[in-house]
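Trainee: what would the 3D arrangement of this be:
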Amino acid sequence: MKEIFKKTAITAAIEAGSFIKSRLGKIKKISFKGEINLVTDVDKKAEALIRKKIKANFPGHIFLAEEGGRSGNKSAYKWIVDPLDGTNNFAHTFPFFCVSIALEKDNKIILGVVYDPMRDELFFAQEKKGAYLNNKKIHPSRNKNLKSSLLATGFSYNIKTIADDNIEHFVAFLKKAQGVRRPGAAALDISYVACGRMDGFWELDLHPWDIAAAALIIKEAGGQITNFAGCGFSHYKKDVVASNGIIHKDMLRVLHK
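Mentor: Predicted coordinates for the structure are as follows:
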């Protein structure tokens, strides 16, 4: 892989993350994309910073981001970006949010960066080269039992209107696992599974920018990520189960009930 891909992704993530951190508690404008799905001026500015950095080096690449949508259509390379995963947390000054940047080639993720500016933690992975947290190689936990596992999940912004709202799954896992957390930023949640802080994660109604980078990170760390059926994974599908690999089948059994 070209070193410029890695350098661009990491630099863009850190620059955007530093800007986001500097604006914590200083939001100038909030608008709503749905009843509880908000976007701030900080999201938009962070995305503009990332787009500018990537387009300066790769003007012909496709760019797909949460706020600005898609631009370009004639390249094998696509950058998939969430400039601020965990916007609701950020808006409430709850310090759990991140920048997520993935590079896709021919529909396959080849690079992923998830940067947490509050802890200055950078998760990074390249295809077939392992996963790292601040340059230290990471691996998932070796926890063998669901009953002693710490899990994470999230809920759709459409939770008030959709039938498959994840609440039954949440209750089921509360009764099967040691604990369940709902931190509010899927990219960080999955990255935490990749480095062993969590043992598993599941969620519905996700988007490519929520999971593309973290999906590669957990794969390269040695974990497992699939859809709810357990038969595969695509960052263009909305359901995801990620784990240390050992408890994966147990998680799927709970979901299937």
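
Trainee: centre-most residue in the protein?
Mentor: Relative to the mean C-alpha position of the chain, the nearest C-alpha, by Cα atoms, centre = their mean, is the one of A187, at 1.8 Å.

Trainee: excluding its backbone neighbours, what's nearest that residue?
Mentor: Leaving aside its sequence neighbours, A187 sits nearest to S100 (Cβ to Cβ, 6 or more residues apart in numbering; 4.1 Å). (Glycine included, C-beta is placed from N, CA and C.)

Trainee: and the residue nearest to the centre of the chain, helix, strand or coil?
Mentor: helix (DSSP: H, G, I helix; E, B strand; the rest coil).

Trainee: also K28?
Mentor: Going by three-state DSSP: K28 is coil.

Trainee: which residues touch it?
Mentor: Contacts for K28 (Cβ atoms under 8 Å, 6 or more residues apart in numbering) come out as 40-41.

Trainee: switch to 6 Å and redo it
Mentor: With contact taken as Cβ atoms under 6 Å, 6 or more residues apart in numbering, K28 is in contact with D41.

Trainee: sorry, back to before: strand partners of the helix or strand in which the residue nearest to A187 is found, parallel vs antiparallel please.
Mentor: Using DSSP states H and E, S100 sits within strand 98-105. Paired with strand 98-105 in the same sheet, following DSSP bridges, are strand 77-85 (antiparallel), strand 108-116 (antiparallel).

Trainee: with mean pLDDT and mean neighbour count added, can I get those strands in CSV?
Mentor: Converted to CSV, the strands paired with strand 98-105 look like this (pLDDT from 0 to 100; neighbours: other Cβ atoms under 10 Å):
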stretch, mean pLDDT, mean neighbour count
strand 77-85, 97, 27
strand 108-116, 98, 25
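
Trainee: let me have those in a markdown table, extended by distance to L204.
Mentor: Output for those, formatted as a markdown table (distance: least, Cβ to Cβ, whole Å):
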| stretch | distance to L204 |
| --- | --- |
| strand 77-85 | 16 |
| strand 108-116 | 20 |
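
Trainee: for Q224, find the nearest of the ones you listed.
Mentor: The minimum distance between Q224 and those falls on strand 108-116, with 15.4 Å, by Cβ to Cβ.

Trainee: which one of the strands paired with strand 98-105 lies closest to L216?
Mentor: The closest of the strands paired with strand 98-105 to L216 is strand 108-116. By Cβ to Cβ, the value is 3.8 Å.

Trainee: residues making contact with the next helix or strand after the closest one?
Mentor: Per DSSP H and E, the first helix or strand lying C-terminal to strand 108-116 is strand 121-126. Contacts of strand 121-126 from elsewhere in the structure, counted by Cβ under 6 Å, 6+ apart, are 1, 111-115, 131-134, 191, 216-217, 220.

Trainee: try stretch 149-157
Mentor: Stretch 149-157 has contacts (Cβ under 6 Å, 6+ apart) with 34, 36-37, 143, 166, 173, 177-182, 186, 189, 198-203, 205, 247.

Trainee: please pick the buried ones from the residues you listed.
Mentor: Buried members of the contacts of stretch 149-157, counted by 16 or more other Cβ atoms under 10 Å: 143, 166, 173, 177, 180-181, 186, 189, 198-203, 205, 247.

Trainee: the lowest-mean-pLDDT helix or strand in the chain: partners in the sheet, and parallel or antiparallel?
Mentor: Every helix and strand in the chain was compared by mean pLDDT, DSSP states H and E; the lowest is strand 30-32, with a mean of 75. Under the criterion DSSP bridges, strand 30-32 sits next to strand 38-40 (antiparallel) in its sheet.
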